[in-house]
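Novice: only the shape, not the letters, is given here:
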């Protein structure tokens with residue numbers, strides 16, 4: 001049976017696009033409880049725990065894990081960027097909804113916004129839904145821009161899955 005996005009969060013994953021924007025919604029099923037996945041996702045100060053292209057992160061304005069705070073993310077060498085400044089836009093612990101935007105950096109990810117929601121899916125399984133919106137990069141089509149961003153987001157989601165499943169396994173071994 002296919003995963004059905006709950007109506008309580010569906011509005012977060014149905015953005016209204018401007019003519020120059022593209023968007024994608026990606027799903028990842030993770031064999032770990034939502035509480036384990038949420039502990040990783042909601043830690044705005046430590047995205048490097050599950051985002052392999054992030055070398056380091058530091059809160060540069062505001063209080064960590066408070067909506068409105070800013071972080072500087074330094075990315076791994078070899079990418080067409082070295083840093084990004086990002087704002088925490090949404091952090092809803094009750095509904096497990098997390099959102100951020102990129103406000104500046106030395107890259108071509110213009111007007112990037114992402115929203116992620118977590119959904120327990122029976123037992124110790126969680127479905128993660130991530131939707132992003134971005135301006136099509138100059139000299140690229142919307143399709144090329146989305147293909148590039150999809151690749152990064154999919155890798156982040158696969159890594160999130162592996163890290164959360166490892167943590168869940170270790171927690172079970174300690175019981």
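Specialist: Good, I have the coordinates. Predicted model only: the values in this text are computed from it and were never measured. Numbering: from 1, shown residues only.
Novice: which other helices and strands does whichever helix in the chain runs longest contact?
Specialist: Longest helix in the chain, counting residues (DSSP state H): helix 142-174. If you count contacts as 3 or more Cβ pairs under 8 Å, 6 or more residues apart in numbering; DSSP states H and E, helix 142-174 packs onto strand 21-30, helix 34-41, strand 126-135. (C-beta placed from N, C-alpha, C; glycine too.)
Novice: and it, what's buried?
Specialist: 142, 145-146, 148-149, 153, 156-157, 159-161, 163-165, 167-168 (16 or more other Cβ atoms under 10 Å).
Novice: likewise stretch 85-101?
Specialist: In terms of neighbour count (16+ other Cβ under 10 Å), stretch 85-101 has its buried residues at 85-88, 90-91, 96-101.
Novice: closest to residue 29 out of these?
Specialist: Nearest to residue 29 among the buried residues of stretch 85-101: residue 96, at 14.9 Å, using Cβ to Cβ.
Novice: these two touch, right, the closest one and residue 34?
Specialist: Yes - under the criterion of Cβ atoms under 8 Å, residue 96 is in contact with residue 34, at a separation of 6.1 Å.
Novice: just to revisit the earlier point, of the helices and strands packed on helix 142-174, which approaches residue 5 most closely?
Specialist: For the helices and strands packed on helix 142-174, the distance to residue 5 is smallest for strand 126-135, at 6.3 Å, taking Cβ to Cβ.
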